[in-house]
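When you get a sec, could you give me coordinates for this:
(one chain, ligands or ions: 1)
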Amino acid sequence: MNIVQTDIVTPDGKVFGGEVHMVSARATSGEIGVLPQHMPLVAPLEISTVRLKNYGETKYVAVSGGFIEVRPDRVTILAEAAEMKDDIDVARAEKAKADAEARLSGLQKDTKEHDAALLDLKRAENRLATAAR
Ligand code: ATP
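As a prediction, this is how the structure comes out:
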């Protein structure tokens, strides 16, 4: 078998479900490339773009953290939020980015509020980067 059944699931439902040839994701420990028969693993993901490759085609998904679970014939990504590239509302992400930047400028570093604003900024920037792929 040269395919991996891949599911990307959030609390709102399934964002992607299908067979792909390769899944690339950024774990906190580094880049992971999953081909069929990959060894099993579970790893936390960075706020980043997941790439799903099928023959010549690549689908891009903005993932807001979460976890990847790899089994030899199956990949599951569980995330608080995830959007396929074409479903990303760019104007909304731009507004979220501007809002987060405005909040950050008035906050002291190493506070809970600063950390939260930084995460909001990361999510917005990741959505914009994914939409631009
Ligand atoms: P915002 O400040 O614009 O609400 P957020 O980062 O607070 O963004 P999340 O809490 O990460 O949003 O996500 C809430 C829901 O909204 C999720 O279902 C997520 O997929 C969706 N979502 C957030 N931003 C976008 C966007 N720019 N385009 C499409 N869907 C989005």
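
ok, the most centrally placed residue in the chain - contacts?
Among the residues of the chain, the one closest to the centroid is Val63, at 1.8 Å (CA atoms, centre = their mean). Residues in contact with Val63 (CB atoms under 8 Å, 6 or more residues apart in numbering) are Ile8, Ala25, Leu45, Ile47, Ser48, Thr49, Val50, Ile77, Ala79, Ala81, Ala82, Asn126. Using the backbone N, CA and C atoms, a C-beta is placed for each residue, glycine as well.

tally of neighbours for the fourth one?
Summarising burial for Ile47: neighbours were counted as other CB atoms under 10 Å, giving 21.

just checking, it touches Asp120?
No. Applying CB atoms under 8 Å, one finds Ile47 not in contact with Asp120, separated by 10.3 Å.

if we can go back for a sec, what's across from the residue nearest to the centre of the chain in the sheet?
With DSSP bridges as the criterion, Val63 is bridged to Ser48, Ala82.

Can you list the residue ranges for helices in the protein?
Per DSSP state H, the chain carries helices over the ranges 90-105, 112-131.

Mean neighbour count, the ones you listed: which tops it?
Highest mean neighbour count among the helices of the chain (mean count of other CB atoms under 10 Å): helix 112-131, with a mean of 17.

Packing partners of that one?
strand 47-54, strand 57-64, helix 90-105 (3 or more CB pairs under 8 Å, 6 or more residues apart in numbering; DSSP states H and E).

how about 10 Å then?
strand 47-54, strand 57-64, strand 82-84, helix 90-105 (3 or more CB pairs under 10 Å, 6 or more residues apart in numbering; DSSP states H and E).

Rounded mean pLDDT for that helix, please.
What helix 112-131 shows for mean pLDDT is 97.

Any idea how far that helix is from the middle of the chain?
12 Å (CA atoms, centre = their mean, to the nearest Å).

Pull it out as CSV, backbone CA atoms only.
C-alpha atoms of helix 112-131 as CSV (Å, rounded to 0.1, in the frame of the first residue of the first chain):
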residue,chain,number,x,y,z
LYS,A,112,-0.3,35.7,30.6
GLU,A,113,-1.9,38.3,28.5
HIS,A,114,1.3,38.8,26.4
ASP,A,115,1.6,35.1,25.9
ALA,A,116,-2.1,34.9,24.8
ALA,A,117,-1.7,37.8,22.4
LEU,A,118,1.5,36.1,21.0
LEU,A,119,-0.4,32.9,20.3
ASP,A,120,-3.2,34.9,18.6
LEU,A,121,-0.6,36.6,16.4
LYS,A,122,1.0,33.2,15.6
ARG,A,123,-2.3,31.7,14.5
ALA,A,124,-3.2,34.7,12.4
GLU,A,125,0.3,34.8,10.7
ASN,A,126,0.1,31.0,10.1
ARG,A,127,-3.3,31.4,8.4
LEU,A,128,-2.0,34.2,6.2
ALA,A,129,1.1,32.2,5.3
THR,A,130,-1.0,29.1,4.5
ALA,A,131,-3.4,31.1,2.4
